[in-house]
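**Student:** Structure, please.
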Amino acid sequence: MVLALITFMAAAFWFFEHQSRQQGQSKREFTTRVPVTVSVVGIGSVRDSFTVVGISRALRDVDILSETSGIVRSVSCEVGQRKTAGATLIKVDDEVAASALRKAMVNRQLAIRDFERYRNLEHEGAVAVSSFEAMKLKLEDAEADLVAARRRHGDTAVKSPFGGTVTARLVEVGDLVQPGMKVANMVDLSRVKIVAAIPEKQVSLVSGGMPVLVTTDVWPDRVFTATVSSISAKSSKDHTYQVEAVMDNPKETMFRAGMFARASFVGKASRSSLLIPRQALVGSRGNPEVFVVRQGVARLARLVAGAEQGNRIEVLQGLAQGDQVVVSGQNELGDGVAVTVIRVDGGR
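**Tutor:** Predicted coordinates:
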């Protein structure tokens, strides 16, 4: 009886010791594996699209120049003031120009009177045809002088070329202006241009009339729609092409000239392609790599990336549908490291 009890206790001791060793070995094996989260490579719809940072510019931005010389007598514009087309901005002394205009008007009246008198005489045969022709030329000369005098008098009032907003006023009352001197600046913000530099690899995706989605940090909850109006035929030194997209400027969320904006160019056609989450990438965008889990081991795979689709990236080469790519835990991985998958995200 005692021998049987000793045998039973020895067997029990061996059994529990063996179980403890197996559990310890399993625990050590688990702790040597890196826990990761993976995503299944799936197929989704892709459009050729890309986003660049651009700058908003006024549809028209014009420096207002003086076309005459003289002393500024009045200023009728302030920075930020809205002006209609043809409104007077600056008034230059017009005493001499007004006097010249009156003289030109008088000379024209005299020339008309002489022309009428000589025409009647010529019909009656009382004067030579050459004398009548001379009076006709004198009238034409007087009319030309009147046109020039009116223009010079009109130039003493510097006017707005279009309806817009004054952004700069560079003269004060009493200043002397000369022809060609800049006196003010105006912009037309009824419509704005979103100007962006497009890399040469992507400019082929842009076409005239193409819709552009515009966002800005100034109005973070709004998406605006512009239309491509022009594409530069010549690249800059950094091999980018200037593209302009025009849009109406909403009054309640107005763009101002010089604001930064993000312009998203979206292609018209879509296609089916492999997609992976952006966070799966461990290499640069120009040299992308991902870890693929195969039979409990992480393998580093190089791939060819295509278009970006939100927070997912198109895969052109390097992966197959159903592959499991690591999206969390990559910092602890290397090629050939054993892993434990703790969560699987389905492909889309």
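**Student:** Please report the distance of P199 from W219.
**Tutor:** In this structure, P199 lies at 27 Å from W219, with CB to CB, to the nearest Å as the measure. For every residue, glycine as well, the C-beta is placed using N, CA and C.
**Student:** So the two - more neighbours on which side?
**Tutor:** Neighbours of P199 and W219, each counted by other CB atoms under 10 Å, are more numerous for W219; the result is 17 against 13.
**Student:** Report pLDDT for the more buried one.
**Tutor:** At W219 the predicted local confidence, pLDDT, stands at 89.
**Student:** Likewise for F16?
**Tutor:** The pLDDT attached to F16 in the predicted structure is 50.
**Student:** ok, now M1?
**Tutor:** Predicted confidence (pLDDT) for M1: 51.
**Student:** got the domain boundaries for the protein?
**Tutor:** 34-46+271-345, 51-58+188-270, 94-155 (automatic domain parsing).
**Student:** What is the end-to-end distance of the longest one?
**Tutor:** In domain 51-58+188-270, first residue to last residue: 17 Å (CA to CA, to the nearest Å).
**Student:** Centre of the chain to it, how far?
**Tutor:** Counting by CA atoms, centre = their mean, to the nearest Å, domain 51-58+188-270 is centred 3 Å from the centre of its parent chain.
**Student:** repeat for stretch 49-67
**Tutor:** Stretch 49-67 has its average C-alpha position 10 Å from the chain's average C-alpha position, going by CA atoms, centre = their mean.
**Student:** How about stretch 60-78?
**Tutor:** The chain centroid and the centroid of stretch 60-78 are separated by 31 Å under CA atoms, centre = their mean.
**Student:** in it, what's buried?
**Tutor:** Buried positions in stretch 60-78, judged by neighbour count with 16 or more other CB atoms under 10 Å: R60, V62, I64, S66, E67, T68, G70, V72, V75, S76, C77.
**Student:** can you pull out the strands in the stretch 51-200 of the chain?
**Tutor:** In the stretch 51-200 of the chain, the strands defined using DSSP state E, counting those that start in this stretch lie at 70-75, 82-83, 88-92, 157-159, 164-169, 176-177, 182-199.
**Student:** got it, and the stretch 201-348 of the chain?
**Tutor:** In the stretch 201-348 of the chain, strands defined by DSSP E, counting those that start in this stretch lie at 211-216, 219-231, 240-248, 260-277, 289-294, 297-302, 304-309, 312-317, 324-328, 339-345, listed in chain order.
**Student:** can I get the ones you listed in TSV with distance to G163?
**Tutor:** Written out in TSV, the entries for those read as follows (distance: least, CB to CB, whole Å):
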stretch	distance to G163
strand 211-216	24
strand 219-231	20
strand 240-248	15
strand 260-277	24
strand 289-294	56
strand 297-302	58
strand 304-309	41
strand 312-317	46
strand 324-328	54
strand 339-345	55
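**Student:** Go through these and name the closest to L101.
**Tutor:** For those, the distance to L101 is smallest for strand 240-248, at 41.8 Å, taking CB to CB.
**Student:** Can you show me the helices along the stretch 1-150 of the chain?
**Tutor:** In chain order, the stretch 1-150 of the chain shows helices spanning 2-31, 95-124, 129-154, with DSSP state H, counting those that start in this stretch as the criterion.
**Student:** the inter-axis angle of the second one versus strand 70-75?
**Tutor:** Going back to what we said before, that points to helix 95-124. Orientation check (axes from the mean of the first three to the mean of the last three CA atoms, to 10 degrees): helix 95-124 against strand 70-75 gives 110 degrees.
**Student:** Counting neighbours, what do you get for A126?
**Tutor:** A126, neighbours per other CB under 10 Å, totals 10.
**Student:** no, scratch that, I was asking about Q317
**Tutor:** Using other CB under 10 Å as the criterion, Q317 is surrounded by 10 other residues.
**Student:** State the distance from the residue lying closest to it once chain neighbours are set aside to N287.
**Tutor:** Distances taken as CB to CB, 6 or more residues apart in numbering place V304 nearest to Q317, at 4.0 Å, with adjacent residues excluded. Computed with CB to CB, the distance linking V304 and N287 is 10 Å.
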